[in-house]
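Engineer: Here's a sequence, model it:
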Amino acid sequence: MIRVLITDDHLIVREGLRLILETADDLEVVGEAVDGVECLSLVPQLNPDVILMDLQMPRMDGITAIEHLHRDHPQIAIIILTTYNEDDLMIRGLRCGARGYLLKDSSRENLLDAIHAAVKGETLLKPEILARVLAPQTPPKPASTSQTAPALTERELEVLQAASRGERNKEIAYKLGITERTVKAHLQSIYQKYGVDSRAAAVASAAAQGLLK
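Structural biologist: All right, here's what the predicted structure looks like:
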């Protein structure tokens, strides 16, 4: 069973998510939190595998909570709950360690897919949503790109571009004619170069450098 903790200051959102998640046989909602403070206090007791995290909450916002969780409980997969007007906050959350994001009006299928992907260390990034999220970011000048992070190899860039389109490891391996193990090795190399530990953060970093046009 995948243990899920819902963190959102709106009761109707928490209840809606719980109703959806309870229809899945392999998911269990172990608790709810109204803000970041309560979320952090519940984590040691509930030991969740996944946390659905709102960004704007009283007392402690989602970004701050994600920073604490990524530092103290890096094994927990955090999925941001967001709206269309929170692009900048979403990018910050991904860079702070969240493994993915969901629009609050996402379908049941997208919600369940995102949770299962996050638990596996993958992230489903829909191109149209990714484009909207990353649009406000201004890529640095080419001269400074090499100073920000080591350059990616041609194959690493192909893997990352495929990941940015929401393709899973198996799909990437098939299209590039390599094994899934090789795909994972390329992703690990990319993570090390960018100093991140998730697909979402790697994609955000690469997009900020103008590599995913």
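
Engineer: hey, let's count contacts and neighbours off CA atoms from now on
Structural biologist: Will do.

Engineer: helices and strands of the chain: which one bottoms out on pLDDT?
Structural biologist: helix 142-148 (a mean of 45; mean pLDDT, DSSP states H and E).

Engineer: what helices or strands is the helix or strand following that one leaning on?
Structural biologist: The helix or strand immediately downstream of helix 142-148 is helix 154-164, counting by DSSP states H and E. Counting contacts by 3 or more C-alpha pairs under 8 Å, 6 or more residues apart in numbering; DSSP states H and E, helix 154-164 packs against helix 169-176, helix 180-194, helix 199-208.

Engineer: Can you point out the buried residues in helix 154-164?
Structural biologist: Glu156, Leu157, Glu158, Val159, Leu160, Gln161, Ala162, Ala163, Ser164 (16 or more other C-alpha atoms under 10 Å).

Engineer: Put together TSV for these, with pLDDT and distance to Glu109 on each row.
Structural biologist: Formatted as TSV, these follow (pLDDT from 0 to 100; distance: C-alpha to C-alpha, whole Å):
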residue	pLDDT	distance to Glu109
Glu156	90	30
Leu157	89	29
Glu158	90	28
Val159	91	25
Leu160	88	24
Gln161	87	24
Ala162	87	21
Ala163	85	19
Ser164	83	19
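
Engineer: pLDDT score assigned to the residue most central in space within the chain?
Structural biologist: Centroid-nearest residue in the chain: Gly100, 1.7 Å away (criterion: C-alpha atoms, centre = their mean). Here, the pLDDT recorded for Gly100 equals 84.

Engineer: beta partners of it?
Structural biologist: Beta bridges link Gly100 to Ile79 when assigned by DSSP bridges.

Engineer: how far is stretch 82-91 from where the chain is centred?
Structural biologist: Distance, stretch centre to chain centre, for stretch 82-91: 12 Å (C-alpha atoms, centre = their mean, to the nearest Å).

Engineer: quick one: buried residues of it?
Structural biologist: Those buried within stretch 82-91 under the rule 16+ other C-alpha under 10 Å are Thr82, Thr83, Asp87, Leu89, Met90, Ile91.

Engineer: Stretch 182-201 now?
Structural biologist: Using 16+ other C-alpha under 10 Å as the test for burial, stretch 182-201 gives 183, 186-188, 190-191, 194, 196-201.

Engineer: so Pro74 sits in a strand?
Structural biologist: No. Pro74: not assigned to a strand; according to DSSP: H, G, I helix; E, B strand; the rest coil it is coil.

Engineer: which stretches of the protein have low pLDDT?
Structural biologist: Along the chain, the parts satisfying pLDDT under 70 run over 84-85, 123-149, 213.

Engineer: All good on my end, thank you.
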